[in-house]
Every structure is written in structure tokens, then in C-alpha cells.
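Chemist: Curious how this folds, go ahead:
(2 chains)
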Number of protein chains: 2
Amino acid sequence: MPNIRHALTVKREDDFAKWYQEVISAADMAEESGVRGCMVIKPWGYGIWERVQRLMDDRIKEAGIQNAYFPLFIPLANFEREADHVDGFAKEMAVVTHHRLIADGKGGLVPDPEAKLEEPLVVRPTSETIIGDAMARWVQSWRDLPLKLNQWANVVRWEMRTRMFLRTSEFLWQEGHTAHATREEALEETHRALEMYRACVEEDLAMPVIAGEKPENERFPGADETWSIEAMMQDGKALQAGTSHYLGTSFAEAAGIRYQDDAGAQQLCHTTSWGTSTRMIGGVIMTHGDDDGLRVPPRIAPHQVVILPMLRDKPEDEALLAYCEVLRAAIAAQFSMGEKVRVLFDKSPGKASAKRWDWVRKGAPVILEVGPRDMENGKVAAIRRDRLWNLDNGKLANSFPEKDEFVSGIAALLEEIQNNLFAEARDRRDANITRGLTHWHDVVNSFRKGGKYPGWVEVQWSKPTGAALEKIVEQLKGEKLTLRNVPRGSEPVDGTCIFTGEPAVERVMIARAY
Amino acid sequence: MPNIRHALTVKREDDFAKWYQEVISAADMAEESGVRGCMVIKPWGYGIWERVQRLMDDRIKEAGIQNAYFPLFIPLANFEREADHVDGFAKEMAVVTHHRLIADGKGGLVPDPEAKLEEPLVVRPTSETIIGDAMARWVQSWRDLPLKLNQWANVVRWEMRTRMFLRTSEFLWQEGHTAHATREEALEETHRALEMYRACVEEDLAMPVIAGEKPENERFPGADETWSIEAMMQDGKALQAGTSHYLGTSFAEAAGIRYQDDAGAQQLCHTTSWGTSTRMIGGVIMTHGDDDGLRVPPRIAPHQVVILPMLRDKPEDEALLAYCEVLRAAIAAQFSMGEKVRVLFDKSPGKASAKRWDWVRKGAPVILEVGPRDMENGKVAAIRRDRLWNLDNGKLANSFPEKDEFVSGIAALLEEIQNNLFAEARDRRDANITRGLTHWHDVVNSFRKGGKYPGWVEVQWSKPTGAALEKIVEQLKGEKLTLRNVPRGSEPVDGTCIFTGEPAVERVMIARAY
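Modeler: Modelled structure (predicted):
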């Protein structure tokens, strides 16, 4: 292998955590804000989030869910009411206690003691309770059901250790909340949302996931069932990329969400909630990033094609700019994967080569460099971000297609890049799941021998609950391992539980996790 | 005029404020949340906001502005730094002082005294200071300019008296923030944003506005120039629907936004900011609402056409549903005003007539009722929400076009409704602006004689500043009047100032205002 001079200073194999930080900074996605635990999402990072949001929102609307907006502030009483609920959130929440600032007489400002709130308000960590209140007002009869709502919002959970996109005190998300007449319908919705997440994350974010049910200890507090999609990062750790909960009737009972059935009797609703967040962007980085920066899957790339004119501050630049503009317009008129191709003609100041590396680090799927010679020959110099290097000589693997040929092929090229990124991640994931281990010490060895970045292990177990489960969780914790989920549609069991020795009832995935 | 039985219980002419509340409730747009000063935006209201957001965002992106996201929380120090700034916000802000709740031992929760923040955090009332901090980090040289950012976010200003959509403690908005090398460029951006607002509000929301500069006393605190768009509500009051500020170099100085010019010297940036909010939805209600509820302009209607099948719980329903589905698909395949037509086939339970009135109150632009006879005749029964009544007989003015004819005409029909709503509002506005008054007592009389809902008065003035202006502001206040703006492009002056008697230098609009 030739020696390649990569665009980042840190390699994945050397220090994954440091590499992650460098991608975020080198791709100009986000930065620390100076406000504890909160980040600034910069235009390239936010543009990716906007794409994810748009594609997820289309799927949400397609499913007949209605968007609405609920207050940022939640009264303390709502949390007191749902003891189970608040325990799960460890009570680490931002609390508003005053509604005015006054001068402190020393040139500073302080909360005005005269403006202390009678009841403190909590900045929403999630909106189950306040949306539950609304549902209780809105649902009267079976005719009002199902009630299917979604909210795009910022939420706050006070975090001691934060990491950009993965765990920040404030983050952006969507939270779906639905109420149904029956358990069956609510379960169906729980699974529909999970499947929607799987489809969006795999098809749009090109991030392969394993969908399954969380074991009891990993359930959302108060939920009857919690389902998740889990993605494998390049360091072998699992990232929970979305969850869907069947809440039974307990949340309905706490909030008083009742309906009159067609026989006139009062019934409790069965509710669900499901959410995904800016955390997915962290997953995109750790799934598709490489030692040259980010690689953005075309479907979620704010710009899918970037055109860089190689200007020389000479009169000939005019003709080159005109050539590039014709190229831009031709590409912008193409459709790929059901949408107009998003192309940026980057005329910002700076050398073309420096700009090229900026876009490599940001991970634009296709970069076109156009110089005077390309123009003369009616060509473009094209770089595919998913196949950046010529591995024979360690140089950039650019190609020089005819301009018109490039334009007519762009739709297929973007689709190919999208599919390649997915296939690459899926193959890596599949190669890093170990199955068939029958003893706990084999599991331990598998992780210990897996090198710096071991993958996952799927084992058969007897699905213990309560204290027996707690014991297993502790046992796993000793190896820094966690139970991820019980994969949907996995092979039938044929052995004994790796923990208890009892007959197995299902398979469960074990991994280190974010 | 025949006696029409309107769908609302309160008429605009009887009690405008009460009518406004009834529209919001009858159109199912929003409701009080139970959290002080915060509302719940229900799906129909939020759907309208999403449309406004999408259309405004398209214009923002078209102008080369980049969306980003900044923290919800702002350190106290930022407010202390900008004394001018904070004075203007009257310090009525939500203050976070704790990051944890604990049990109070009596079954309740209280902020944990152990988790008191060293420095309280303010929930953003606007983001000038925190975005200013980021700009100071991001701008180094002239090559980094202009820097043009926008944020879609929730903001909080503690309000004592709230009114849904118009003034709530939490509201949704967009805030644009730009930094430029020169005053000229920053002023150009200030005007571009203002013109973008005018175009969006007039073309998309069908709400005619007067764009102009705010007098000194109405400027954003710390701004060199504040421009606004002002819309006339049906009660004659003015609603400020958007503002654009040229901030000079004072905000850049406070935040340290400096650039190195091409000669190597450090220079302060010239900055702008501009915003619009969910307040615009209040404007839409008070511009287009009537005594039957809301009328949503087609461009911002979540559903432009609603199909209501007249079902009878009989086997024939099947054929009717199939007929309606064909109709729905045919309409959904049409394009109007550059977008796919948004059609809802409303199969929810309930009588068709009750559902019809629900959609009338919500203001869907076109309502189609389809019964067995319509199906037999290949027709539909169509209601245009902008022309609901037959004024000859006081009955609903429905028409019965051939189905195919209706489908092929839907694009033009929606455009016509959009234009009609705008023209109606513009004509009413123009008929209610009085010009040519030359004495203060004529202005007073104009408002006193204007009946319950007087319009606006445009006068010539000498543009006094400082104490002289304050005196005029007080004089106006005595009549509950305010200076709105100095309309862009108004007639040249030819007289004396109505307040000072000095030669006039411009024309200024006077009105009661929200």
C-alpha cells in the first residue's frame, strides 16, 4: 500500500475519540459554545440535520402523524405526578426559578428576588407529561382516536460529561406521541415507528441498524416495551439511533387520557412515544467518516456536488465562470433519488486546492474542479468522496469525464455512492458480529481479543428479569458491556442461556455502547 | 341583505378581541397550555406555521443565508456586556438557576440547593449576543465576509399579558444575523431582508404591508436603523409583522467581531439582524378571518382542498369512497403556484355536514362534498371558502362542476383565491388610510370619528429626535396612538410638520397597534 497523506492529523485506528473531534472541527460541523454542555451547530452540520429532518418529516407525515408544538416549560407538578418517569431522568434538569434580572449595584445582573416564580418550571427533558395533559383534553370519545402527534423541538438534560452530537445538555429531536383505543393498535404504532426509523436511517443516512426489543433493564422508565435501532460505529461500539416505546396505559392513567367507547364506558388509552435526535449525526460521522474527514451520504448532503473553478485572477476567468455556470445549471436540472440534484457553485475566495480539501473534509459526495484546460477539452475533473484515493499510487483518484457525459450520469452516480456507503458499513458491521458462543468466558475473550475496537456478540439467553437480570447487567458492566437489544427476526434458539444455563428463549446482542 | 347564520357566535364588528379568540378555538389552531404565558400550537395552527416556515426558508436559502443553531441558554455576562441591549428587553426573561430536582420529603420536588449554578443562565429572548460571540470566532479576515446566518428557534420573553400568537412568553421565530465589511453592504442586507419579508408576507400570506423605517423611539435597542413591515388588521390596528435592523458597529464592538482588511488593518464589522415569528399567524387570522372562522390563503394552507364523502353506512359507500379516491389522486397530481396541490381526503368519522362546518371554520380554501348523486352525475359539490355565501339568499354558495372540469381548473382556482384574499385585504387597507391632514386636531378627530375600528393616518413631519420626539410620543400615547413607520417610496413632502410646524422632511404613519 502506498503511503497516503490523509487530510486529518488523527487516524481512526490511533485514537477514535480524538479522530471524532477532529472530523467535527475539520468538517466545520459544530463547536463548543462556551455555554456549559451546549454546542453551536454550524451551517454544514445543521444543513445535514435539516436534510435528515426533512426526510424523516416526510415519512412522519406520510404515516398520517400530525405535527404540533408544546411548551418548552413544564410545571414541577407534572414530574411529581409521574414518579416512575422522573426517576428515570435522574432529575438532572434545568430549572427556571425567576422571571426577571435586576442590576446588582456592582455593574452586574442578578435574578430579581421579587420575581421568583411561585412554582419553578422545568425546561422539557421530554414532553410525555405535557403532551399527555393535552391528550387528556383532546380525547373524549373513540371517535377522537387514534390521536397521532409529533413535535420537532429542543430538549435539555443536564449532562456532566458531554460529547458533541452524542451527548449534549441541549439537543434537537422529534418526539412522536400517540394514543389508541387498544393495546394491539398501540403496539402496531410502536412497530410502525420503529420500522420508519429503520428505513430512514438505513435508506437516507446509509447507516445499517439492528432493530429489536430492549431488555427490561434498558426500557424507558414507565414503558411496557422499548424497541430500538442500534448501529455499529467504526470503533465497534453500538449507538442507539432511535427508540420506540409502548407505554401501556400507565401514562394515560397518570395524565387522565380516557375515552368513551362505543358502548358508553370510560376506557384508558394505550399510548406510545418514539424519538430520534441530532445524535444520529454523531452516528453518521462514526459510520461514514474516514481519515480524510466526513463522507456525507448523498441523500442527506446539503450539497451533493460542489463545483470549484480554478481561477487565476486573469481575464480568462470570465469564460471559465460562464462554463461552470452552464455546468451548474445542467446539474441542477437533474433528478436523483426522487429529488432535484443539489449543486453548489463555490465562488468563494481562496485557492482551488485549499477549497478542494475543505470539501473533502466536509464530505461533499462529488467535487468537480474545473480549470482552463478542462474547459478547452469540454471536460471536468471529478472526485468521488467515497473513493478518494487511487490505492495503487496513493494519489487522488480523480477522473476526467466529458462534461455532458458527467451531467447525464450524475443521478446514477449519486445513487451509487449512497448504496456504496451503505454496503461498506453493512459489510463491516456483519463482519464484526460474533455468533455461536456458548460460554460467558468466550464472550469475555471475544471482546478482550477483539483488539482496540471489538465488535458485537449475539448470544442466546433465557430472558431473565428482576434480580436475575440485574446480576447479569452487573456481570456485563464488569467488562464495560451492555445488552443492546433482542434483534427482530433473528434465528430461532436452539441452546441454553449463556448466563443462567437454562433453556434459551431468544437471542440478545451484547456490545460496548455510546 | 339576507340574514346569514354564521358559524361563529361572535362577530368581528361586535367584539374583535373576543372574535379573535373564538377563531383560534373554532379553527382548532391553538389553546392555552396551563403553563403561564405559553400556548399549545395545535396541528392546524402548526401546519400553517410549517407552511410559512417552508416558504420563508426557501427565500432565506435563495438569498445565500445559511441556517445554523445556537444554544438556548445565554450566560448572564452576555447581557451585562450589552447594557443598551438589555435595557430594551426590560429584563423580563426566564432565568435558570439550578440543574437538578430533589425530593422535598413531603412527596414533592424542589430545586436541589446543592445544584445551584455558579452563574445563572438566561433562556434566550433573542440571540444577538450568543451569535455575536460565534461571529467573533468565525470572522478573521475580509475573506470570511459577508457572514450570513439564520436560526429557526424558540425564544422566551416573560410577558405579563399574553394573547395567543400575538404575545406569548415562548414563541417560535427565525432570526437572521449577518456581518459585513462595510456600512453599504450591511444596509443593503437590511433592505434585502425587509424586501424578502414584504414579498413573503404579501405573496404567501396574502397580507398587504407597508414597509418603512421606524422612527428613533421605535428602534431596536442599540440599532442604528430599524425597518418594519406593518399590516392593517380588520379592526384597523397595525400589526408589526417583521423587522430588519442595521446595527452599525456597536454590536460588533461589544462582541469583538473584527476582520483584517486587505491592507492588514483590523476593522469592526457592520452587522444586521432581522426576524419574523409566529405572530404572523395572528396577522393572518385578523386579516383573513371572517364571521365563519379562518380563511387560509392557499399558499400557506396545509390542505388546500378537502374532500368529504357523504357516507351512509351502506354498501354503496364503497363506490363513493372509490370515486373520491380517484378524485383525490387526480387533484394531488396537479400543480398550482409552483407546488403540488395539497389535498386531504377526510374519511374521519362524523356527519359530512358537521365536518363541512369544521373545515369552514378552519378555513380550508376549497371544500368538496361528494354524495351518491354527485357521483352518478360525475360531479362534485364545491365550496370556495373566500366566497362562502350567496348574498342574494343567505345560503351557502356552492357550485356543482363536472369532476374533470374541477380537477383541470383547480390550479387556477387556488391562485384566484390567493389573489382575491390579497386584493380584498389591500383594498380595505387602502380605504382606511387617511392622508392630507395638516393639523393635530384633525388627526385626533380622524381616530375619534373613525368608529370602533378606525384606520391609519399618514402625516408629514419634520422627523424630530430626542426630547422633541419623546414629547410627540407622549402626545400620541394620550390618544392610544403610535408612530408605525416612514413608508418606503411615499410621496415627496410639500408641507409642514403636523407636530412642530417646521418644514416637513418625510411622511410617517400613525395608528393604534398590537
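
Chemist: Look at A:I48 and give its secondary structure.
Modeler: Of the three states, A:I48 takes helix under DSSP: H, G, I helix; E, B strand; the rest coil.

Chemist: So for it, what's the nearest residue that isn't a sequence neighbour?
Modeler: By the measure of C-beta to C-beta, 6 or more residues apart in numbering or on different chains, the closest residue to A:I48 outside its immediate chain neighbours is A:I300, 5.6 Å from it. Glycine gets a C-beta too; all of them are placed from N, C-alpha and C.

Chemist: quick one: the one you found and A:G45 touch, right?
Modeler: No - if you go by C-beta atoms under 8 Å, A:I300 and A:G45 don't touch, sitting 11.4 Å apart.

Chemist: that older thread, got the contact list for the residue nearest to A:I48?
Modeler: Going by C-beta atoms under 8 Å, 6 or more residues apart in numbering or on different chains, A:I300 touches A:48, A:51-52, A:55, A:204-205, A:284.

Chemist: Mind doing that once more with 7 Å?
Modeler: A:48, A:51-52, A:204-205 (C-beta atoms under 7 Å, 6 or more residues apart in numbering or on different chains).

Chemist: quick one: which of those residues is most hemmed in?
Modeler: Within those, A:L205 tops the neighbour count with 30 neighbours, counted by other C-beta atoms under 10 Å in any protein chain shown.

Chemist: Just want the phi and psi numbers for that one.
Modeler: phi -90, psi 0 (degrees, to the nearest 10).

Chemist: quick one: it and A:M286 touch, right?
Modeler: No - applying C-beta atoms under 7 Å, one finds A:L205 not in contact with A:M286, separated by 11.7 Å.

Chemist: Skipping its backbone neighbours, what lies nearest A:L117 in space?
Modeler: The nearest residue in space to A:L117 (C-beta to C-beta, 6+ apart) is A:T97, at 5.8 Å.

Chemist: now swap in A:C497 and tell me
Modeler: Excluding its sequence neighbours, the residue lying closest to A:C497 (C-beta to C-beta, 6+ apart) is A:S462, at 3.6 Å.

Chemist: For the stretch 151-300 of chain A, which residue gets nearest to chain B?
Modeler: A:W158 (4.2 Å; C-beta to the nearest C-beta).

Chemist: quick one: what helix or strand has that residue in it?
Modeler: Secondary structure assignment for A:W158, by DSSP states H and E: no helix or strand.

Chemist: ditto for A:P302
Modeler: Counting by DSSP H and E, A:P302 is part of no helix or strand.

Chemist: can you give me the strands for the stretch 401-514 of chain A?
Modeler: Listed in chain order, the strands of the stretch 401-514 of chain A (DSSP state E, counting those that start in this stretch) span A:433-435, A:456-461, A:482-483, A:486-487, A:506-511.

Chemist: for the stretch 301-450 of chain A, what spans make up the helices?
Modeler: Counting by DSSP state H, counting those that start in this stretch, the stretch 301-450 of chain A has helices at residues A:317-332, A:352-362, A:372-377, A:403-431, A:440-449.

Chemist: next one: the stretch 51-200 of chain A
Modeler: Per DSSP H, counting those that start in this stretch, the stretch 51-200 of chain A carries helices over the ranges A:76-81, A:83-88, A:128-138, A:183-199.

Chemist: so A:T438 touches A:D494, yeah?
Modeler: No - at 10.7 Å, A:T438 and A:D494 do not qualify as touching, with contact defined as C-beta under 7 Å.

Chemist: between those two, which one's more packed in?
Modeler: Ranked by neighbour count (other C-beta under 10 Å), A:T438 and A:D494 place A:T438 first, with 12 against 8.

Chemist: what's the burial count for A:D427?
Modeler: A:D427 has 11 nearby residues by other C-beta under 10 Å.

Chemist: scratch that, A:R157 is what I was asking about
Modeler: Using other C-beta under 10 Å: A:R157 sits among 20 other residues.

Chemist: Now that it has come up, it's in contact with A:E92, right?
Modeler: Yes - between A:R157 and A:E92 there is a contact under C-beta under 7 Å: 6.1 Å.

Chemist: What does the pLDDT read for A:E159?
Modeler: A:E159 carries a pLDDT value of 88.
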